[in-house]
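Chemist: here are the coordinates; sequence isn't available:
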């Protein structure tokens, strides 16, 4: 009877193992190694390396569990199934993890129907083991001081000051190029810090790191930020004097512009007066001056001959003199021809009978018509009439 009970317990145990491990057969396939849970800024990622000496199409299944105070897992929850990646993010919204919880993960290797044993990670508590990222730092030069502005890193779950009650900052600053002379200011709780007692017109570099008592891992340091200081703050009375002088100058300019506005206007925009010989142009268009100008005749243009004399070589002067001589000879010949064309009418007076006087009068009329200069109005000299004696026949 005892033997039957023992056999029943063994069968039940084997069925339980078979159910938990699935319908696959556990073979000699090696599990991933090492398997570890990591956390950065409150995320939760399970990472592993592929098993050594295993080839083929390897797949992985990852699970996680919440750990109680007795370091026992409550129950495994599958997260990544049949994946070829070597990590599994457990901090997505479908995974119910908390910032103060402790978790453990495990991974097994799968190849076809083969399944390896589970490779399990160490426990991880988020608020104690997460790695806090670097803060963001900006500098502002204010005369002889530097204003350091610090921004906390972004957490995947919650925020820095919600998880940790009293985080502090360690600020380190030094002159540019002299990091061995760095000065540290620990346990700063404010996000805005003023660095004073600095040399003017000097470049300083600053780096900030977050410190939390509950976390065993040191946080990442911020990037190094550098800025140059300006001149030290002037005395208050100097600023007051400068403001007073400026306001006095402004008021004086306003008063002068109001009192002497006419003179200023005449100086900037002077009146333009036309010369006296242009005053008549200001007369209206219907004045008598323009009417007389409209009725007046256009004056006759007088043209005078112009002789252009050039200075050249002897040969050019000789040719020019020959041309002038030839032109004068042509003018003399033209004048001679004009004199030759002058007609002098001759009147012959005879004493005869009436029958003889009639033909003579007709001859004189014909002679006058043949003289072209008389017809054109030119002066033809008239010779004295020749009187014949009364006894002409």
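Modeler: Good, I have the coordinates. Nothing here was measured: the structure is a model prediction, and the numbers come from that model. Numbers count the residues shown, from 1 in each chain.

Chemist: And the strands in the stretch 151-300 of the chain?
Modeler: For the stretch 151-300 of the chain, the strands defined by DSSP state E, counting those that start in this stretch cover 168-175, 183-188, 192-195, 203-211, 225-228.

Chemist: Tabulate these (TSV), appending mean pLDDT and mean neighbour count.
Modeler: Every residue, glycine included, has its C-beta placed from N, CA and C. Output for those, formatted as TSV (pLDDT from 0 to 100; neighbours: other Cβ atoms under 10 Å):
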stretch	mean pLDDT	mean neighbour count
strand 168-175	96	19
strand 183-188	94	12
strand 192-195	94	15
strand 203-211	96	20
strand 225-228	94	16
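
Chemist: Please identify which of these is closest to residue 246.
Modeler: Closest approach to residue 246 among the strands of the stretch 151-300 of the chain (Cβ to Cβ): strand 225-228, 28.0 Å.

Chemist: Pairing partners for the closest one, with directions?
Modeler: Its sheet considered, strand 225-228 pairs with strand 203-211 (antiparallel) by DSSP bridges.

Chemist: quick one: contacts of the partner strand?
Modeler: With contact meaning Cβ atoms under 8 Å, 6 or more residues apart in numbering, strand 203-211 is reached by 132, 134-135, 137, 139, 146, 148, 150, 152-153, 160, 167-176, 179, 186-187, 195, 198, 218-229.

Chemist: how about 7 Å then?
Modeler: 132, 135, 137, 139, 146, 148, 150, 167-176, 198, 219, 221-222, 224-229 (Cβ atoms under 7 Å, 6 or more residues apart in numbering).

Chemist: what does stretch 153-163 give?
Modeler: Applying Cβ under 7 Å, 6+ apart, the external contacts of stretch 153-163 come out as 41-43, 91, 99, 127, 132-135, 152, 167.

Chemist: Just the endpoints, please. Distance across it?
Modeler: Start-to-end span of stretch 153-163 (Cα to Cα, to the nearest Å) is 13 Å.

Chemist: Stretch 83-95 now?
Modeler: 17 Å.

Chemist: Could I get the average pLDDT for that stretch?
Modeler: Predicted confidence along stretch 83-95 averages 88 (mean pLDDT).

Chemist: what pLDDT does residue 362 get?
Modeler: For residue 362, the predicted pLDDT is 53.

Chemist: element containing the nearest residue to residue 126 once chain neighbours are set aside?
Modeler: Once flanking residues are discounted, residue 126 sits nearest to residue 99: 5.1 Å by Cβ to Cβ, 6 or more residues apart in numbering. Following DSSP states H and E, there is no helix or strand that holds residue 99.

Chemist: Likewise for the one 10 residues further on?
Modeler: In this assignment (DSSP H and E), residue 109 forms part of strand 102-111.

Chemist: Mind giving me the packing neighbours of that strand?
Modeler: Under the contact definition 3 or more Cβ pairs under 7 Å, 6 or more residues apart in numbering; DSSP states H and E, strand 102-111 sits against strand 35-38, strand 45-48, strand 59-66, strand 119-120, strand 124-125.

Chemist: Next secondary structure element downstream of it?
Modeler: Following strand 102-111 in sequence order, the next helix or strand is strand 114-115 (DSSP H and E).

Chemist: Which neighbours in the sheet does that following strand have, and how are they oriented?
Modeler: Partners of strand 114-115 in the sheet, by DSSP bridges, are strand 25-26 (parallel), strand 102-111 (antiparallel).

Chemist: In CSV, list the strands of the stretch 151-300 of the chain along with distance to residue 323.
Modeler: What follows is the strands of the stretch 151-300 of the chain, written out as CSV (distance: least, Cβ to Cβ, whole Å):
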stretch, distance to residue 323
strand 168-175, 98
strand 183-188, 107
strand 192-195, 103
strand 203-211, 92
strand 225-228, 90
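
Chemist: For residue 61, find the nearest of those strands.
Modeler: strand 203-211 (36.5 Å).

Chemist: how big is the angle separating that closest one from strand 168-175?
Modeler: Counting by axes from the mean of the first three to the mean of the last three Cα atoms, to 10 degrees, strand 203-211 lies at 160 degrees to strand 168-175.

Chemist: And the helices and strands packed on strand 102-111: which comes nearest residue 332?
Modeler: Taking Cβ to Cβ, strand 45-48 is the member of those nearest to residue 332, at 129.1 Å.

Chemist: and for the closest one, what are the contacting residues?
Modeler: For strand 45-48, using Cβ under 7 Å, 6+ apart, the contacting residues are 32, 34-38, 62, 64, 86-90, 105, 107, 119, 121.

Chemist: Selection in PyMOL covering whichever of these are buried, please.
Modeler: Filtering these down to the buried ones (16 or more other Cβ atoms under 10 Å) takes a single PyMOL command:
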select buried, resi 32+35+37+62+64+88+90+105+107+119+121
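
Chemist: hang on, the earlier thing: return the set of buried residues in the strand holding residue 109.
Modeler: Result for strand 102-111 [16+ other Cβ under 10 Å]: buried residues 102-110.

Chemist: Pull the most distant pair out of the residues you listed.
Modeler: 102 and 110 (27.6 Å).

Chemist: related to what we said a few turns ago, out of the strands of the stretch 151-300 of the chain, which gets nearest to residue 269?
Modeler: Set against residue 269 and scored by Cβ to Cβ, these come closest in strand 225-228, at 49.6 Å.

Chemist: So which of the contacts of stretch 153-163 are in strands?
Modeler: Using DSSP state E, no member of the contacts of stretch 153-163 falls in strands.
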